[in-house]
Each structure stands twice: as structure tokens, then as C-alpha cells.
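> Give me a model of this one.
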Amino acid sequence: MRLRRGVCQERLSPDWNQDEACPVVPELVIEIISPEQTFGQLAAKARNYLDAKVLRVWVVDSKARSITVFYPDAAPQTYMGDTLLKDPLFDGLEFTAEQVFKMAKIPYFFFD
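Model prediction:
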């Protein structure tokens with residue numbers, strides 16, 4: 001499966017113009033919590049995506065160094081540290097939250 005903008009390549013028409021709106025619902029949406037947002041706000045947004053038939057929503061929290069995966073038919077699951085994130089929807093894709101944060105060069109945040 002090859003993804004383009006969160007959509008399997010196989011689901012797109014060969015003549016689709018990338019400068020147009022995507023004609024199909026993506027399999028994956030990734031939201032990154034900004035300083036002005038709360039996890040709760042993005043969890044509600046994730047539910048809206050799932051209601052629109054998105055198959056997975058990942059909420060990335062750099063302060064908590066976590067990735068929470070929202071599913072349409074199961075409770076969300078949060079991945080931290082060296083816990084392996086893999087999903088049958090994305091065959092062969094597996095990584096840890098810590099690998100993501102290290103590759104993105106996101107430092108640890110320390111709070112009192």
C-alpha cells in the first residue's frame with residue numbers, strides 16, 4: 001500500500017490532479033497538539049474525523065512524548081517510550097513514539 005496525502009494510492013483515480021481537493025476520505029489523519037490546544041480538543045476533533053469515516057487518527061503530543069491512536073471501532077490507545085506502534089491497516093509500518101521524537105529532534109520538556 002502506498003500512501004499519498006493519507007490516502008492509499010490504489011483508491012485514487014490515475015488522472016487525479018494533486019492540486020485539487022482529494023476526492024476520497026483519507027485512511028489516516030495526523031494532528032499535532034499546538035501550545036494553544038488541549039488534548040481534549042483534539043480528541044473531540046478525532047471523533048469528528050472518525051464519524052466522517054477516516055480509519056485512523058493519530059494525535060501527537062510533544063510535551064507528553066506520546067502518540068494516541070484513535071480507531072473507529074475500539075478505544076484509543078496511547079503509545080509512549082519504546083512501545084511499538086504498528087497497525088494492520090498500514091502493513092509493515094512500525095515504530096515507537098520515542099523514535100519519532102528523536103528523528104524530529106524534539107527535546108524533552110521538563111516541568112515543575
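> list the contacts for the residue nearest the centre of the chain?
The residue lying closest to the centre of the chain (Cα atoms, centre = their mean) is residue 58, at 2.6 Å. Residues counted as contacts of residue 58 (Cβ atoms under 8 Å, 6 or more residues apart in numbering) are 28, 29, 30, 31, 67, 68, 69, 70. Yep, even glycine has a C-beta here, placed from its N, CA and C like the rest.
> Just the buried residues of those.
28, 29, 31, 67, 68, 69, 70 (16 or more other Cβ atoms under 10 Å).
> returning to what we had before: what's across from the residue nearest to the centre of the chain in the sheet?
residue 30, residue 69 (DSSP bridges).
> Report the separation between it and residue 23.
Taking Cβ to Cβ, to the nearest Å as the measure, residue 58 falls 23 Å from residue 23.
> again with residue 91
24 Å.
> what do you get for residue 100?
30 Å.
> for this protein, which spans come out with low pLDDT?
Across the chain, the ranges flagged by pLDDT under 70 are 1-12, 16-18, 20, 109-112.
> so where do the helices sit in the chain?
Assigned by DSSP state H, the chain shows helices spanning 39-51, 97-103.
> So which of these is nearest residue 62?
Comparing those against residue 62 with Cβ to Cβ, the closest turns out to be helix 97-103 (6.9 Å).
> if we look at the closest one, which residues are touching it?
Contacts of helix 97-103 (Cβ under 8 Å, 6+ apart): 60, 62, 65, 66, 67, 79, 80, 81, 82, 83, 85.
> For the third one, give me its contacts.
Counting by Cβ under 8 Å, 6+ apart, residue 65 makes contact with 80, 81, 97, 98, 101, 106, 108.
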